[in-house]
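Participant: Here is my input, please return the structure:
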Amino acid sequence: MALIGALGEHKLFAAFCAVVIALGLALGATPALAASVVAVCLLPGYLLLLAVAEQTQVERAVTAFPASVILVAVVTIVPAILFDAKSVDPAWVAGGVLAVMALLFFSGAKKTLPDSRERQAAVLSLLALAFVIATSLVAYGSLNQPANNMVWSIDAVLQYDQISWMAQRHDNSVPPAFNPSWKELFGVNLVPPSVASQAVLTQLSGPAYWNANAFFLVMVFATMVLGVFLLFAAIGDIGVGFVAGLAVALPFKLQYVWPFYFGLWREIFSMMLTPLAIYYCIKTIRSRGKDAPALAVVLLLLAVTHPVTGWGVAASVAIVVACAVFDHQLRGALLKPLAVSAVLFAILMIPVAPAFGEGSEYYPFGGGSLFTSPAVAEANYGYLVGPTLVKLEQTHVWLALAALGGLALLFLHSRREKPLLSGENGFTHLALDLAVTLAVASAVITFLGPYALKQRFDLMIDFVVPLAAVFILLALRLVTSKIAGIKSGVPAFAAAVIVVVLLSQPWAYAFPQPANGLVSADSGQELRKPAITWDIIDYLRQNTPIDSRVLFFGFIQYSGCLAERRCYEVSAHAAVAKYQNATSAYSRAIEVNALCRRDVRKTGFLQYEPVACSENFGSGNICNYDYIVIGYFPYTQYPEYPLYLQQLVARLSANYQPVLQRGLFGVYKQVKHDENCLPAS
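Facilitator: Model prediction:
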């Protein structure tokens with residue numbers, strides 16, 4: 001009892017875990033998965049925070065999830081990088097937890113400060129709401145799906161394959177899907193910390209890695225909502241924080257669909273950390289360095305997960321560092337834990353630094369996305385933009401105006417409710433400056449993304465939406481304060497909640513809705529029937545050698561790579577172009593692409609050499625693949641295309657025999673290898 005304090009200090013965390021388990025079970029998760037989420041994604045981080053940081057009960061509960069992720073990443077990925085240890089395993093996580101408990105035993109737990117019942121109730125309420133909404137979004141309302149039927153995008157495939165492969169192999173080597181050359185590669189620049197946690201979850205809960213991924217995303221979403229609550233409650237009050245968190249939670253179910261379905265999970269995870277990073281910047285200055293360890297944990301995780309997002313909080317962190325430099329009382333307390341974090345970050349970044357050079361996909365100064373029109377959204381992305389109170393192209397204008405109003409009222413509120421104390425260096429002003437800095441920085445990030453429509457993703461977490469909700473609450477407070485007989489803030493709070501809920505509905509909030517699924521009509525209907533597609537994927541996983549070379553016709557976004565084999569894809573464009581060329585329609589030359597990232601071969605301690613991917617792209621020989629998977633899709637513009645595929649298969653019949661047929665899909669196995677199975681041209 002003396003080791004970690006009185007039991008009462010941890011009642012909120014116990015209730016937090018109970019809500020996660022109860023809702024997880026109610027929404028279909030297996031007991032093993034629900035228990036594993038607590039054991040891997042909550043408890044380790046909670047113990048770590050007890051060992052390194054003085055926090056309130058609410059802060060410990062909310063920050064336990066990201067702290068767990070970084071602890072699991074350190075004890076699993078770092079040994080693999082440094083010593084080639086097969087370390088992605090529950091045993092390593094248990095070892096990390098035991099090490100933290102030993103630290104607690106010898107140094108004692110840091111103080112856990114009490115929180116008001118209202119603050120605790122707000123956290124548990126937002127947790128439950130966010131959990132239910134996120135489950136409906138990422139897992140069709142059930143955390144026990146029989147097959148991987150969620151997304152079919154390259155971003156999701158990359159992470160799905162890595163999670164499954166790490167769970168099987170217990171290390172972070174490169175899966176076959178990303179390694180068509182079948183060389184011994186080490187995926188140091190492919191494994192974000194969040195993937196390591198999901199691999200361990202899969203090992204503990206069973207082979208259905210997609211359910212572990214869905215539960216993990218639910219926790220990411222819930223933590224993001226709670227992080228917004230913490231930040232706005234620190235600047236304003238509990239009511240301000242609750243309404244801001246509510247505004248982030250509600251729109252996800254109806255409007256913020258595509259980042260989840262398109263697999264932008266690394267970005268979502270890093271955006272979850274952004275409000276927590278700013279919150280701990282404020283707390284660290286207010287506490288004169290006592291919260292620096294918690295800030296270091298969040299910043300380290302942010303840096304190694306998705307470094308581009310770090311630009312959105314760089315200005316705020318710079319303010320903290322400046323305060324440390326110019327305040328001799330704060331300097332040592334704050335700079336030391338930040339220095340330790342920087343050293344650990346540097347160790348993790350040594351093998352992956354080349355991935356962030358100019359020309360790479362993570363180069364932080366890329367640009368290009370613009371606000372688009374409904375016509376573009378509908379024509380190019382399969383979205384339906386219906387009649388709404390605010391037009392799509394006007395949404396950002398109204399949100400910006402409301403957000404600016406929210407900032408102004410929040411400033412006035414803080415000046416009135418939190419008068420500056422002498423000798424405190426104007427912490428309230430600094431907190432507001434941080435909020436403004438973040439709003440401006442995130443608005444700039446909106447235009448740095450390389451993808452059209454990406455601003456819809458950025459807006460969901462750049463605090464424009466929660467600031468707009470805060471504007472509604474504080475404006476209603478001003479109105480009700482002028483009405484005789486109303487002295488309580490409850491009517492304004494209740495009215496603000498109702499207004500925010502109403503404005504989150506699709507008739508008011510102008511964000512695109514998926515119209516005909518997330519696949520272009522020309523890609524065929526079968527890709528919108530995941531159960532059929534999964535039969536093909538599962539067959540390849542269960543019945544083919546692990547080093548098989550598989551060529552996919554008709555799959556999109558490398559979804560065939562979920563088979564976890566050396567996968568090659570013939571794009572619809574390349575296949576149609578071949579069909580239209582009379583001289584080469586039935587030749588063995590074919591344009592292929594493969595998932596090959598900038599990977600490296602480990603040559604010594606912290607020594608790596610890059611491995612070229614050139615052999616995986618360009619013209620290939622259709623006769624050199626162990627399996628060919630074909631989707632016979634009827635393209636509107638090319639009605640004879642399915643017949644062409646049938647004739648192509650017929651010409652390959654001497655070398656390839658059918659082994660599985662499902663709907664419009666066929667799997668063909670090479671029974672005779674002959675590089676000249678078709679004419680050269």
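Participant: which non-adjacent residue is nearest Leu250?
Facilitator: Counting by C-beta to C-beta, 6 or more residues apart in numbering, Leu250 lies nearest to Ser504, which is 3.9 Å off, once chain neighbours are set aside. Every residue, glycine included, has its C-beta placed from N, CA and C.
Participant: same for the helix or strand hosting Ala14, what does it pack against?
Facilitator: Take DSSP states H and E as the rule and Ala14 turns out to sit in helix 11-26. If contacts are counted by 3 or more C-beta pairs under 8 Å, 6 or more residues apart in numbering; DSSP states H and E, helix 11-26 sits against helix 31-41, helix 57-83, helix 117-138.
Participant: Deepest-packed of those, please.
Facilitator: helix 57-83 (a mean of 24; mean count of other C-beta atoms under 10 Å).
Participant: Following it in sequence, what is the next regular element?
Facilitator: Next along the chain after helix 57-83, taking DSSP H and E as the criterion, comes helix 90-107.
Participant: for that next one, packing partners?
Facilitator: The helices and strands touching helix 90-107, judged by 3+ C-beta pairs under 8 Å, 6+ apart, are helix 43-52, helix 57-83, helix 193-205.
Participant: Report the buried residues of that helix.
Facilitator: When neighbours are counted by 16 or more other C-beta atoms under 10 Å, the buried residues of helix 90-107 are found to be 90, 92-93, 96-97, 100, 103-104.
Participant: and it, what's its mean pLDDT?
Facilitator: Helix 90-107 shows an average pLDDT of 92 in the prediction.
Participant: how big is the angle separating the helix or strand encompassing Trp210 from helix 11-26?
Facilitator: Here Trp210 is covered by helix 209-235, with elements defined by DSSP H and E. Here helix 209-235 points in a direction 140 degrees away from that of helix 11-26 (axes from the mean of the first three to the mean of the last three C-alpha atoms, to 10 degrees).
Participant: tilt between helix 209-235 and helix 31-41?
Facilitator: For helix 209-235 and helix 31-41, the angle between their directions (the same axes, to 10 degrees) works out to 50 degrees.
Participant: On the C-terminal side of helix 209-235, identify the next helix or strand.
Facilitator: Scanning forward in sequence from helix 209-235 by DSSP H and E, the next helix or strand is helix 238-254.
Participant: name the helices or strands packed onto that following helix?
Facilitator: Counting contacts by 3+ C-beta pairs under 8 Å, 6+ apart, helix 238-254 is packed against helix 117-138, helix 209-235, helix 464-481, helix 490-503.
Participant: Of all the residues in that helix, which ones are buried?
Facilitator: Residues of helix 238-254 classed as buried by neighbour count (16+ other C-beta under 10 Å): 238-252, 254.
Participant: Also stretch 670-679?
Facilitator: The neighbour-count criterion (16+ other C-beta under 10 Å) identifies 670, 677-678 as the buried residues of stretch 670-679.
Participant: First-to-last residue distance for that stretch?
Facilitator: Counting by C-alpha to C-alpha, to the nearest Å, you get 17 Å between the two ends of stretch 670-679.
Participant: Give me the mean pLDDT for the helix holding Ala14.
Facilitator: With pLDDT averaged residue by residue, helix 11-26 scores 96.
Participant: tilt between it and helix 43-52?
Facilitator: Comparing the axes of helix 11-26 and helix 43-52 via the same axes, to 10 degrees yields an angle of 170 degrees.
Participant: Enumerate residues external to helix 11-26 that contact any of its residues.
Facilitator: Counting by C-beta atoms under 8 Å, 6 or more residues apart in numbering, the neighbours of helix 11-26 from elsewhere in the structure are 31, 33-35, 37-38, 42-43, 46, 57-58, 60-61, 64, 115, 120, 123-124, 127-128, 131-132, 135, 143, 215, 219.
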